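A.B. asks: Build me a model:
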Amino acid sequence: MNNYRLTIQYDGTGYAGWQIQENAKTIQGTISDSVNTILREEINLIGSGRTDSGVHALGQVANFRCENKIDVYHFQHSLNSVLPEDISVIKIEKVSELFNSRFDAKQRTYLYLFSKIKSPFYYKYSVHKKNLDIKSLNKLSMDFLGKKDFSSFCKKKGNIENKVCEVKQVTFRETKIFYLFFISADRFLHGMVRAIIGTMLKAMNEKGGNDYIKKIIDDKSREAAGDSVPAKGLFLYRVDY
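C.D. replies: Below you'll find the predicted structure:
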């Protein structure tokens, strides 16, 4: 059996997230249908993670297995020619039959964009926000590092029992036009990144100290945390193996 790894970029604005759902347009479903059409073979497309509705990706990774060996260069060209403009496969490579894009991933990194200026060109992919206290936010971010129960930052409708994730990096950076937030972890819960950012902004605005974040984590209750920031500024940035 041949196994192929895809690196994918997409604008998630018009999609109900990555995962295939009934009566909804999804990234996984759109790519799977396109691959099936070209190969004339039903494939199972496995993603490294499930991005939520409206979330984008700069470096989503997926893989599929098929009976026939394919020419990756020509297949990539064919696939991109039938995919819509808001999805692009930027790399395809043949990998070990044992490779699994979800279970072999060691770390996933998300990026969130805030734009300092109101611009029609940034509107779809960032949230307009001025005067963020980067020093204060980076100090607050330290309490998210390590292996912790992130129940307070998970959507309540999620049915995953294990809410423990190991966060390896959390940082805010600043450029002339943007505030950039990066977070890396071994895994993420449904809605976790957006809830963490919203909670940090609330703590900054209310001048909450580090005990404020610690208490929310210890409460293990979604009601304790802040509101989630909008999905449009969030990108799956990179997956490491």
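
A.B. asks: the bottom helix or strand of this structure by mean pLDDT?
C.D. replies: Least confident element among the helices and strands of the chain, by mean pLDDT, DSSP states H and E: helix 210-219 (a mean of 90).

A.B. asks: which secondary structure elements does it contact?
C.D. replies: helix 134-141, helix 192-205 (3 or more C-beta pairs under 8 Å, 6 or more residues apart in numbering; DSSP states H and E). Using the backbone N, CA and C atoms, a C-beta is placed for each residue, glycine as well.

A.B. asks: How much space separates Leu132 from Leu39?
C.D. replies: According to C-beta to C-beta, to the nearest Å, Leu132 stands 47 Å off from Leu39.

A.B. asks: Also Glu174?
C.D. replies: From Glu174 to Leu39 the distance is 46 Å (C-beta to C-beta).

A.B. asks: Neighbour count: these two, which is higher?
C.D. replies: Using other C-beta atoms under 10 Å, the more surrounded residue of Glu174 and Leu39 is Leu39, with 17 against 12.

A.B. asks: For that one, give its distance to Glu97.
C.D. replies: Counting by C-beta to C-beta - Leu39 and Glu97 are separated by 17 Å.

A.B. asks: and what of Trp18?
C.D. replies: In terms of C-beta to C-beta, Trp18 sits 23 Å off from Glu97.

A.B. asks: cool, Asn23 as well?
C.D. replies: From Asn23 to Glu97 the distance is 34 Å (C-beta to C-beta).

A.B. asks: more neighbours, those two?
C.D. replies: Glu97 (9 against 5).

A.B. asks: Looks like the more buried one contacts Cys66 (just checking).
C.D. replies: No: Glu97 is beyond contact range of Cys66, at 11.1 Å (criterion: C-beta atoms under 8 Å).

A.B. asks: Which residues are in contact with each of these two?
C.D. replies: 1-2 (C-beta atoms under 8 Å, 6 or more residues apart in numbering).
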